[in-house]
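> Structure for this input, please:
(chains A and B)
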Amino acid sequence: DVKVTQSSRYLVKRTGEKVFLECVQDMDHENMFWYRQDPGLGLRLIYFSYDVKMKEKGDIPEGYSVSREKKERFSLILESASTNQTSMYLCASSLVRGRTEAFFGQGTRLTVV
Amino acid sequence: KNEVEQSPQNLTAQEGEFITINCSYSVGISALHWLQQHPGGGIVSLFMLSSGKKKHGRLIATINIQEKHSSLHITASHPRDSAVYICAVEETSGSRLTFGEGTQLTVNP
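Got it, this is the predicted structure:
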């Protein structure tokens, strides 16, 4: 079974801190995605990557950056955390660009105080 | 207007009932996904389909490409089916997923 693992289930950070959310997949998937999920808004795409060192902005990239130095790892970085970035963050991966099942991590609930 | 609309937003059923959740979309798609999210956050892929019908256990998913509509059915519902069910589409222009807001299903014993 494909496994997508996020480094933390729960995080509490202070305003202004630099925050790293890590995601690792173990099935050599090409595509990796970072989403945030908020009540009433559903899942929204922050950034995605089709290959190592490649990244593309999603719908809400402001305040975030990403890093994909290795195929299996996709990191989401909050450069200076703010309270409006309190949310559930979900990482996903899929094998082929389009038309293949997406696999999700368990989610990281981030609270910025 | 959202590109992906689900109905109902909330659904409460008694154990054993037949359940239908609907998803309509407004864009051209290459595939549609049904996902399940339990309390605690983890999301599991239930189905990916681009035409016709798929069945897995008590779950059935159908899609009508011409009408831009999909349904997820649960037969003989059980309290463990209680979860949020999310419809997501892959647009033909790329592999990004666009999500509906989800349907909160509660099945009472």
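
> elements contacting the least confident helix or strand in chain A by mean pLDDT?
Using mean pLDDT, DSSP states H and E, strand A:102-104 stands out as the lowest-scoring helix or strand of chain A, at a mean of 88. Packing contacts for strand A:102-104, counted by 3 or more Cβ pairs under 8 Å, 6 or more residues apart in numbering or on different chains; DSSP states H and E, involve strand A:87-94, strand B:43-49. C-beta here means a position set from N, CA and C on the backbone, and glycine is covered the same way.

> Paired strands for it, with orientation please.
Strand A:102-104 pairs in its sheet with strand A:87-94 (antiparallel), by DSSP bridges.

> what is the orientation angle of the strand it pairs with with strand B:43-49?
On the basis of axes from the mean of the first three to the mean of the last three Cα atoms, to 10 degrees, strand A:87-94 is oriented at 50 degrees to strand B:43-49.

> wait, what's in contact with the residue of chain A found nearest chain B?
Residue of chain A nearest chain B, by Cβ to the nearest Cβ: A:G107 (3.2 Å). When contacts are counted by Cβ atoms under 8 Å, 6 or more residues apart in numbering or on different chains, A:G107 touches A:Q6, A:R9, A:Q37, A:M88, A:Y89, A:L90, B:G40, B:G41, B:G42, B:I43.

> what sits against the residue lying closest to the first one once chain neighbours are set aside?
Once flanking residues are discounted, A:Q6 sits nearest to A:G105: 4.0 Å by Cβ to Cβ, 6 or more residues apart in numbering or on different chains. Contacts were defined as Cβ under 8 Å, 6+ apart; by that measure A:G105 touches A:V4, A:T5, A:Q6, A:C23, A:L90, A:C91, A:A92, B:G42.

> With B:C23 instead?
With Cβ under 8 Å, 6+ apart, B:C23 has these contacts: B:V4, B:E5, B:Q6, B:L32, B:W34, B:H69, B:S70, B:S71, B:L72, B:C87, B:G100.
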